[in-house]
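> Fold the following, please.
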Amino acid sequence: LAADRPAVRELVALCGGLPLALRIAAAHLLARPDRSIGDYVHELRTGDRLAGLQLHGDPEMAVRAAIDLSHAARTPVEQRLFRLLGLVPGPDTTPAAVAALADVDVVEAERGLRALVAAHLVEEPAPGRHALHELVRLYAAERVDEGRAPLDRLLGWYVDTVDRAADALDPGRHRLAR
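Below you'll find the model as predicted:
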């Protein structure tokens with residue numbers, strides 16, 4: 001560990017500091033002492049990170065399996081919101097943006113987000129801001145099956161929000177048509 005501190009720091013970051021992910025990573029490194037931490041980090045960074053954080057021969061001992069259990073315990077509405085959050089670009093989002101993404105009203109989005117925060121599937125880094133841990137985002141994104149429509153709704157909401165902000169800041173200014 002002391003010989004390659006930058007690789008160790010990146011490994012911890014790729015595991016998101018999650019104890020289960022770190023234990024699995026350590027087991028992989030112990031099983032192949034000929035492989036450097038840097039090589040394993042490169043494998044996780046460039047490959048299927050969730051698959052790389054699973055013990056071979058034991059699908060239950062995996063980050064994906066742990067998230068599966070939490071996901072399965074949610075209501076269908078919460079499961080859908082969670083999966084759609086995997087599509088959100090950027091570090092975090094708001095309930096209004098989630099409502100647009102999911103094509104639900106803001107109250108329903110807020111209710112779902114509160115439930116997902118309580119289940120530790122979603123983080124609330126600041127009031128009114130919601131984020132997914134990177135490994136959880138990967139999991140959610142690989143389970144979305146709604147095509148482009150959610151992203152189209154979200155991008156449309158972003159454009160509408162920018163238009164309203166521009167009108168509020170400079171109502172008389174001529175702008176290009178959408």
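
> so how far is the lowest-mean-pLDDT helix or strand in the chain from its chain's centroid?
Among the helical and strand segments of the chain, the one scoring lowest on mean pLDDT, DSSP states H and E is strand 58-62, with a mean of 77. The chain centroid and the centroid of strand 58-62 are separated by 21 Å, computed with CA atoms, centre = their mean, to the nearest Å.

> Stretch 28-36 too?
For stretch 28-36, the distance to the chain centre is 28 Å (CA atoms, centre = their mean).

> Now do the helices in this structure.
5-14, 19-31, 37-46, 49-52, 63-72, 76-85, 95-102, 106-118, 134-142, 149-169 (DSSP state H).

> between these, which gets nearest to Gly128?
helix 95-102 (6.9 Å; CB to CB). The C-beta positions use only the backbone N, C-alpha and C, and glycine is treated the same way.

> how much does the closest one deviate in direction from helix 106-118?
Helix 95-102 runs at 100 degrees relative to helix 106-118, counting by axes from the mean of the first three to the mean of the last three CA atoms, to 10 degrees.

> If we go by neighbour counts, what in helix 95-102 is buried?
For helix 95-102, the neighbour count (16 or more other CB atoms under 10 Å) marks Pro95, Ala97, Val98, Ala99, Ala100, Leu101, Ala102 as buried.

> Quick check: of those residues, which lies closest to Val159?
Nearest member of the buried residues of helix 95-102 to Val159, counting by CB to CB, is Ala100, at 10.6 Å.

> Please tell me how far that closest one sits from Asp145.
Distance of Ala100 to Asp145, given as CB to CB, to the nearest Å: 19 Å.

> now do Leu151
Distance of Leu151 to Asp145, computed by CB to CB: 13 Å.

> now swap in Arg164 and tell me
Counting by CB to CB - Arg164 and Asp145 are separated by 32 Å.

> correct me, but Leu151 touches Leu87?
Yes. The pair Leu151 / Leu87 is scored as a contact, 5.7 Å apart, by CB atoms under 8 Å.

> residues shared between the contacts of these two?
Shared contacts of Leu151 and Leu87, defined by CB atoms under 8 Å, 6 or more residues apart in numbering, are found at Leu101.

> Count the neighbours of the closest residue to Ala119 other than its chain neighbours for me.
Of all residues not flanking Ala119 in the chain, Ser70 sits nearest, at 5.7 Å (CB to CB, 6 or more residues apart in numbering). Other residues within reach of Ser70, judged by other CB atoms under 10 Å, total 15.
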